[in-house]
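Visitor: output the structure for:
(2 chains)
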Amino acid sequence: MSRQGKKIVEYIFLILLACLFIFPLLWMIVSSMKPESHIYLDMNSIKAFLPSMDPSQWFITYKELFSRFDILQYVFNSVTYAVVITGGSIVVNAMAGYAFAKFEFSGKKFLFALLLVLLIVPLETIIITQFTVAHTLGILNTRLAVVLPMIANMFFIYLFRNFFKAVPDEVIESVKLDGANYWTIFWRIMLPMSKPAIATVGTLSFIASWNDYLWPLMVLTDTSMFPLQVAITNINTTQPVYTNQVMAILTISTIPLIIVYIVAQKYILQGLGGSGTGIK
Amino acid sequence: MNINKRENVAAYSFLAPTLILLGLFLIIPAVLAIYYAFTDYYLLTPDRRQFVGLDNFIEIFKDPIFKQSLKNILIFVTCVIPIQVGSALGLALLINKQRKGNIFFKVAFFSPVVLSLVVISVLWLYLLNPSEGLVNNVLVNIGLNPQPFLSSPNQAIYTIVFVSAWQGAGYQMLIFLAGLQNIPNTVYEAADIDGVNKWQRFIHITMPLLKPTSILIMITTLIAAFKLIIQPMVMTQGGPMNSTITPVYYIYQTGFSDRMIGYASAMTVIFGILIGIVTLIQSKVTKEDDI
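Guide: Next up, the predicted model:
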């Protein structure tokens, strides 16, 4: 019996802990699905965690939000940035990884060491001079400025390099004898063989670009180019501020991440394994 | 020799996009930061910038806000690491056991990770609202005093610690869990035969075998924590009374809002060196432990 009792206590403890982690998320979604006045009325009861009793009200907030702000434009912007950055970072970093893995060229050792050292530079601190560079290039307030700095990534290059190293040289030699050039080898042999690396890099760079806030906030002034993350803070400060609408935009910007985390959970941990955690 | 030349050309054409992008957005900005640190560069009058020697650095050491920002980030780092890493380990140990409903608990603990930093900041801003927020409503209902959380200079930084730890713990829990599952069962079985109790088992077997994972998690958290900016930016704008301003946030404000590029660059150099040292120590430590 005491064993049973211990088990019950354990479960109660775990459930309470789970509530601590899950209640903000739940409150966010639920609050977006009820009228503004109800949010504060319900605050003192368990109803704070239940959507409106009337299902016809569930999506009214979303309708209002869409009519007040150009949400579709923000979603489109975020998706565009994320897709371009993800695609770009797969191709660009894989190309560099291929060069480091399979070519002998002058300056290889130096270049690789340099890139490893550059990993130490904390990007967040040089954001001001990155801004002056973008200013000099004349790309401020363009979509290009949002996308370009996020493509090349030393960690992703390293990941691809290690993956390509495992491809036997004989495979490449034999294709070369058939008259294929480096470019064909890269597209036809190397890339198709590295699907796990592509999935890992793709997942990590999608999440990073979807969540990026500071840089787009700095380089964009035109609201029609804002990604969702910047739009959130904009909506949160545009009077009048409605709590349910803010919760709705928070929910909208989270949905793609929920999907990515469900579909690609395997690759998110693998990305960490690549950094040498000893996790297989 | 001919082949070598061809291979050189090919290699560099594959490296070209990377080298151009890293050059433009990493190398040049890093070098420029060092150069600007010795000038009085003001964004709107770039032509009138002048070499001022060490003036910026001397100024920084007299700047109370910079000192405050260093103090704040030290408080944040020293609090967030034990809390976040500790709870991540605790959660992993709780879940690393055959039990019904474990998948639900795992998903629940991981769920905050799915939210972006901007989303958690805005969300907690509402939850922690002094009068109308959910958290204070609950506190009052169970007979406690409502707390000012983000509007009190004594509490704001700790509130940000809590919110950050809450968000990140689930992710590290997964890494710990992977580490725990890598420990072979036979080790535990052998210990059982020797009559080792649960606590000894944890101290003498689990902890040492989990050491590489723990070190890695602690150091990546440390470096990430030093770069704190979004939570204070969205939740408190560095206030109240600069109690949540962080170095990266102060650099951002001076360079971007106040447009004092020279002064901001000098802070970048100082703070960049600081993080650089931490990162170097990290690579030393992780290498020695052969992670």
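Visitor: use CA for all of it now, contacts and neighbours both
Guide: Noted.
Visitor: wait, does stretch A:207-225 contact chain B?
Guide: Yes - using Cα under 8 Å from any Cα of the partner chain, stretch A:207-225 comes into contact with chain B via A:211, A:213-214, A:218.
Visitor: return the subset of those residues lying in helices.
Guide: A:211, A:214, A:218 (DSSP state H).
Visitor: which ones are touching the second one?
Guide: The reference is to A:Leu214. When contacts are counted by Cα atoms under 8 Å, 6 or more residues apart in numbering or on different chains, A:Leu214 touches B:Ile230.
Visitor: any figure for the gap between it and A:His38?
Guide: Separation of A:Leu214 from A:His38 (Cα to Cα, to the nearest Å) stands at 34 Å.
Visitor: output the set of residues of the stretch 101-250 of chain A in proximity to chain B.
Guide: Counting by Cα under 8 Å from any Cα, the residues of the stretch 101-250 of chain A that sit close to chain B are A:103-106, A:118, A:120-130, A:133, A:148-149, A:151-153, A:182, A:211, A:213-214, A:218, A:229, A:232-233, A:236, A:247, A:250.
Visitor: pull out the buried members of those.
Guide: Using 16 or more other Cα atoms under 10 Å in any protein chain shown as the burial test, these include A:103, A:105, A:118, A:120-130, A:133, A:148-149, A:151-153, A:182, A:211, A:213-214, A:218, A:229, A:232-233, A:236, A:247, A:250 as buried.
Visitor: burial of B:His204, as a residue count?
Guide: Applying other Cα atoms under 10 Å in any protein chain shown, we find 12 residues neighbouring B:His204.
Visitor: give the buried residues for the one helix or strand B:Asp192 maps to.
Guide: Applying DSSP states H and E as the criterion places B:Asp192 in helix B:185-193. If you call a residue buried by 16+ other Cα under 10 Å, then helix B:185-193 has these buried ones: B:188, B:191.
Visitor: please enumerate residues in contact with that helix?
Guide: With contact meaning Cα under 8 Å, 6+ apart, helix B:185-193 is reached by B:201, B:205.
Visitor: immediately after that helix, which helix or strand?
Guide: Next helix or strand after helix B:185-193 toward the C-terminus (DSSP H and E): helix B:198-201.
Visitor: list the buried residues in that next one.
Guide: Residues B:Arg201 are the ones in helix B:198-201 that count as buried (16+ other Cα under 10 Å).
Visitor: and for stretch A:160-177?
Guide: Neighbour counts over stretch A:160-177 (16+ other Cα under 10 Å) mark A:160-164, A:167, A:172, A:175 as buried.
Visitor: what about it, how long is it end to end?
Guide: Length of stretch A:160-177, first residue to last, Cα to Cα: 25 Å.
Visitor: so how far is that stretch from its chain's centroid?
Guide: From the chain centre to the centre of stretch A:160-177 is a distance of 30 Å (Cα atoms, centre = their mean, to the nearest Å).
Visitor: B:Asn102 reaches B:Leu94, doesn't it?
Guide: No - proximity of B:Asn102 to B:Leu94 does not meet the contact threshold set by Cα atoms under 8 Å, at 9.3 Å.
Visitor: show me the contacts for B:Thr254.
Guide: Here B:Thr254 is in contact with B:260-261, B:263-264 (Cα under 8 Å, 6+ apart).
Visitor: am I right that it is in a strand?
Guide: No - counting by DSSP: H, G, I helix; E, B strand; the rest coil, B:Thr254 is not part of a strand but helix.
Visitor: distance check, it against A:Val91.
Guide: 36 Å.
Visitor: show me how far the helix or strand containing B:Ser265 is from its chain's centre.
Guide: Using DSSP H and E, B:Ser265 sits in helix B:261-288. Distance of helix B:261-288 from the chain centroid (Cα atoms, centre = their mean) equals 14 Å.
Visitor: elements contacting it?
Guide: helix A:127-137, helix B:28-36, helix B:55-62, helix B:207-226, helix B:247-252 (3 or more Cα pairs under 8 Å, 6 or more residues apart in numbering or on different chains; DSSP states H and E).
Visitor: so where's the stretch 151-280 of chain A uncertain?
Guide: A:271-280 (pLDDT under 70).
Visitor: which residues of it fall in helices?
Guide: For the stretch 151-280 of chain A, the helices defined by DSSP state H, counting those that start in this stretch occupy A:154-165, A:169-177, A:182-184, A:191-193, A:195-211, A:214-219, A:228-235, A:243-272.
Visitor: doesn't B:Pro130 belong to a strand?
Guide: No - B:Pro130 is assigned coil when assessed by three-state DSSP, not a strand.
Visitor: tabulate the helices of the stretch 151-280 of chain A (CSV), appending distance to A:Thr61.
Guide: Formatted as CSV, these follow (distance: least, Cα to Cα, whole Å):
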stretch, distance to A:Thr61
helix A:154-165, 40
helix A:169-177, 57
helix A:182-184, 51
helix A:191-193, 45
helix A:195-211, 24
helix A:214-219, 26
helix A:228-235, 14
helix A:243-272, 6
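Visitor: averaged pLDDT, the longest helix along chain A. What do you get?
Guide: Secondary structure assigned by DSSP H gives helix A:71-102 as the longest helix of chain A. For helix A:71-102, mean pLDDT is 96.
Visitor: by contact count, what packs against that helix?
Guide: Checking 3+ Cα pairs under 8 Å, 6+ apart, helix A:71-102 ends up next to helix A:143-147, helix A:154-165, helix A:195-211, helix A:228-235, helix B:2-22.
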